[in-house]
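Student: Give me a 3D structure for the following:
(chains A and B)
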2 protein chains.
Amino acid sequence: MMTNKIAAVVFDAYGTLFDVHSVTATCERLFPGKGTTMSQLWRSKQLEYTWLRALMGRYADFNCVTEDSLRYVCNALGLAYSRQALDELMLAYRRLQPFDDARETLAALQGKVQLAILSNGAPQMLNAVVAHNGLGQYFSAVLSVDPVRTFKPSPDVYRIAVDKLGVAREKIAFVSSNGWDAAGAKAFGLTVFWVNRAGAPLDELGVQPDAVLKSLAEIPALIV
Amino acid sequence: MMTNKIAAVVFDAYGTLFDVHSVTATCERLFPGKGTTMSQLWRSKQLEYTWLRALMGRYADFNCVTEDSLRYVCNALGLAYSRQALDELMLAYRRLQPFDDARETLAALQGKVQLAILSNGAPQMLNAVVAHNGLGQYFSAVLSVDPVRTFKPSPDVYRIAVDKLGVAREKIAFVSSNGWDAAGAKAFGLTVFWVNRAGAPLDELGVQPDAVLKSLAEIPALIV
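Tutor: Numbers count the residues shown, from 1 in each chain, chains lettered A, B, ... in the order given. From the prediction side, this is the model:
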């Protein structure tokens, strides 16, 4: 694999650097016995709503979509909720925990290549989760889909990285744990590392990532 | 509700007229003990792939997406499959059973308004399932997304109905059991009846259908 030409490593945020299921504890505290189910359904509905809104041409930012999907989940599970409960859960989303391998990987890469985030997240929520975890020092850019008013895997999103970093698409290594995001980035023409922590099957979308990793910690060895 | 102006009733096919889970029996025969899980996951991956491919700008027709999602499901469930098994399952998709209330509703509406189908289905598979069930006589048009090379809920899809039927958008009653499809049609401006057989919560996509029905059989009374 020709990765010695990589000039920038661009990370997906939710599910890749940050564990979206770290909200489970807050879900469980507010709705005992429902934490895991809520967290799983919340994530799948959140993604579904990004795709649907993008296709409908009715963009609303990720903060809005995340709260909309949370309300759907509460309704679907028959959970009576207060405004305060929603606020606590939305706050938990701004305080997601990074995966164990995130910080050391960023530290190992810093100074060798440009580092950035490219995420569906609205700027405010994205900056919040980065700051909460003290990771801001590692990134030269934290890029949101918000200016182009659509969501991944639209090519308009991946183009943001090329435009903002000033690096040719194949010289950008895009890192995502979301198989469909990896597919979208590859279809656009980025070099793609799919971090397949769970050993999931490859999505059948007609494209393949350049490498499949088990952990973020494998990245530094690929960027020579 | 102003429905006395309705000039055409346009039906979604998969999940609305035809029960996508009527493939469960074939799944179960080929992979004993896995029929229900396979059918559920197949449907959800199939939809996901339509949304992702549409957003990626990499349209492949519904026949292709349906088989791709089937292969994903077999891989995800660890099921070893043959070409023959795939062919049998794809054939089952061309022989889906209509819901119990479909035929009588179409018969009751015929002659009062134009009747049509507007579906993600590729023309060949869509015509096959209509013909297999002897329902062709009821429809003045069986419309596929294929000419516009995208999928629901893109507004380009709902526009096909307006263009092909020559009826203003609000005079078309669009009928779907898929909440997200109902949302897409309403966002485009059609009159929308959401057939919510399962009593699901409304999707939080910022639009509401004109009516929520429990059965297709409620439609004739709404079209006066």
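Student: care to break chain A down by domain?
Tutor: Domain segmentation of chain A under automatic domain parsing yields A:8-17+A:99-223, A:20-93.
Student: Just put the ones you listed in CSV and tack on mean pLDDT and distance to chain B.
Tutor: Glycine gets a C-beta too; all of them are placed from N, C-alpha and C. Rendered in CSV, the data for the domains of chain A read as follows (pLDDT from 0 to 100; distance: least, CB to the nearest CB, whole Å):
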stretch, mean pLDDT, distance to chain B
domain A:8-17+A:99-223, 98, 4
domain A:20-93, 98, 4
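Student: So which of those domains is the most surrounded?
Tutor: domain A:8-17+A:99-223 (a mean of 20; mean count of other CB atoms under 10 Å in any protein chain shown).
Student: picking up where we left off before, looking at the domains of chain A, which is closest to B:E104?
Tutor: Each of the domains of chain A was scored for nearness to B:E104 using CB to CB, and the closest is domain A:20-93 (30.8 Å).
Student: Quick check: A:A102 touching A:A13?
Tutor: No. Between A:A102 and A:A13 there is no contact under CB atoms under 8 Å: 10.2 Å.
Student: Measure how far the one helix or strand A:V130 maps to is from the centre of its chain, please.
Tutor: Using DSSP states H and E, A:V130 falls within helix A:123-132. How far helix A:123-132 lies from its chain's middle: 12 Å, per CA atoms, centre = their mean, to the nearest Å.
Student: Could you point out the helix or strand that follows that helix?
Tutor: strand A:141-144.
Student: Who are the packing partners of that next one?
Tutor: Where contact means 3 or more CB pairs under 8 Å, 6 or more residues apart in numbering or on different chains; DSSP states H and E, strand A:141-144 is packed against strand A:114-119, helix A:123-132, helix A:155-165.
Student: export that strand as CSV, just CAs?
Tutor: Output of strand A:141-144 as CSV, limited to C-alpha atoms (Å, rounded to 0.1, in the frame of the first residue of the first chain):
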residue,chain,number,x,y,z
ALA,A,141,-8.7,21.7,11.9
VAL,A,142,-12.0,20.4,13.4
LEU,A,143,-14.2,20.3,10.3
SER,A,144,-18.0,20.1,10.4
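Student: quick one: strands adjacent to that strand?
Tutor: When pairing is defined by DSSP bridges, strand A:141-144 lines up against strand A:114-119 (parallel).
Student: returning to that earlier point: will you turn the domains of chain A into CSV that also has distance to B:A211?
Tutor: Converted to CSV, the domains of chain A look like this (distance: least, CB to CB, whole Å):
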stretch, distance to B:A211
domain A:8-17+A:99-223, 30
domain A:20-93, 19
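Student: Out of the ones you listed, flag the one nearest B:V207.
Tutor: For the domains of chain A, the distance to B:V207 is smallest for domain A:20-93, at 8.0 Å, taking CB to CB.
Student: what does stretch A:65-78 rub up against?
Tutor: Outside stretch A:65-78, the residues that touch it by CB atoms under 8 Å, 6 or more residues apart in numbering or on different chains are A:31, A:34, A:37-38, A:41-42, A:45-46, A:48-50, A:53, A:60, A:79-81, A:86, A:89-90, A:93, A:125, B:200-206.
Student: Please name the bridge partners of the closest residue to A:P123 other than its chain neighbours.
Tutor: Nearest residue to A:P123 in three dimensions, chain neighbours excluded: A:S144, at 4.6 Å (CB to CB, 6 or more residues apart in numbering or on different chains). On the basis of DSSP bridges, A:S144 is bridged to A:S119.
Student: so who does A:S144 touch?
Tutor: A:F62, A:S119, A:N120, A:G121, A:A122, A:P123, A:L126.
Student: export those residues to JSON lines and tack on distance to A:G179?
Tutor: Formatted as JSON lines, these follow (distance: CB to CB, whole Å):
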{"residue": "A:F62", "distance to A:G179": "19"}
{"residue": "A:S119", "distance to A:G179": "16"}
{"residue": "A:N120", "distance to A:G179": "15"}
{"residue": "A:G121", "distance to A:G179": "19"}
{"residue": "A:A122", "distance to A:G179": "23"}
{"residue": "A:P123", "distance to A:G179": "26"}
{"residue": "A:L126", "distance to A:G179": "21"}
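Student: Which one of those is nearest to B:K186?
Tutor: Nearest member of the contacts of A:S144 to B:K186, counting by CB to CB, is A:F62, at 22.8 Å.
Student: Now do the same contact list for the residue nearest to A:I160 when sequence neighbours are not counted.
Tutor: In space, and not counting its chain neighbours, A:I160 is closest to A:L143: 5.3 Å by CB to CB, 6+ apart. For A:L143, the contact set (CB under 8 Å, 6+ apart) comprises A:V10, A:A116, A:I117, A:L118, A:S119, A:I160, A:A161, A:K164.
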